[in-house]
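Asker: what follows is a predicted protein model with its sequence.
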Amino acid sequence: MSSMITFILMVNRQGQTRLCRYYQPVNMSCRTALEANVVRACLSRNRDQCSFVEYQDLKVVFRQYAALYIAVGITEDENELSIYELVQNFVEVLDKYFSHVSELDIMFNLDRVHIILDEMIQNGRVVETNKSNVLGLLNTLDKMADG
């Protein structure tokens, strides 16, 4: 199996999923268990502990931003640090688009967040990290909607 991202989760401190994107097929009953276990593993760690955890045959890289956690499931041979930085880049893009992104921005603009994610990651592979390029399509869509 080549290196890749298998899923991305965004959850709040209460463990409620705000965004999930799977890049490999996972049936719904398994998703519920996967999300619950991953969230539990991430929320149970304190700030002094490593942001990489093992889950079944995957590694999970996560970061906390205020009340939100972003967890990324990756295959064994994917680079944890590059994914850790990808999460930071994703949040910076969200911040740039929403002007200080919040949980409410995610909840009420989920379509926009998915567009951003799709511009950055396709088929479990990182395809774009340049913030201006990532936001290009969204800015075009916004101009069309306004005008």
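Answerer: In hand now; what should we look at?

Asker: helix or strand right after the longest helix anywhere in the chain?
Answerer: Longest helix of the chain, by residue count under DSSP state H: helix 80-98. Next along the chain after helix 80-98, taking DSSP states H and E as the criterion, comes helix 103-108.

Asker: which residues sit against the helix or strand bottoming out on mean pLDDT in the chain?
Answerer: When the helices and strands of the chain are scored by mean pLDDT, DSSP states H and E, helix 28-43 comes last with a mean of 88. Applying Cβ atoms under 8 Å, 6 or more residues apart in numbering, the external contacts of helix 28-43 come out as 7, 9, 11, 13, 15, 17, 20, 22, 26, 53, 55, 60, 62, 69, 71, 73. (Each C-beta comes from the backbone N, C-alpha and C, glycine too.)

Asker: go with 10 Å
Answerer: For helix 28-43, contacts defined as Cβ atoms under 10 Å, 6 or more residues apart in numbering pick out 6-7, 9, 11-17, 20, 22, 26, 51, 53-56, 58, 60-64, 69-73.

Asker: for the helix or strand following that helix, buried residues please.
Answerer: Where DSSP H and E defines the elements, the next helix or strand beyond helix 28-43 is strand 52-55. Going by neighbour count (16 or more other Cβ atoms under 10 Å), the buried part of strand 52-55 is V53.

Asker: just stretch 60-77 next, same as before
Answerer: Neighbour-count burial for stretch 60-77, with 16+ other Cβ under 10 Å as criterion, is recorded at 60-63, 65, 68-75.

Asker: just those residues: which are in helices?
Answerer: Counting by DSSP H, the buried residues of stretch 60-77 contribute nothing to helices.

Asker: need the residues you listed in TSV with distance to V134, can you?
Answerer: Shown next, in TSV, are the buried residues of stretch 60-77 (distance: Cβ to Cβ, whole Å):
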residue	distance to V134
V60	23
V61	19
F62	21
R63	18
Y65	18
L68	19
Y69	21
I70	16
A71	20
V72	17
G73	21
I74	20
T75	23
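
Asker: now these as CSV including pLDDT?
Answerer: Output for these, formatted as CSV (pLDDT from 0 to 100):
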residue, pLDDT
V60, 95
V61, 96
F62, 95
R63, 94
Y65, 91
L68, 92
Y69, 93
I70, 96
A71, 96
V72, 97
G73, 95
I74, 96
T75, 94
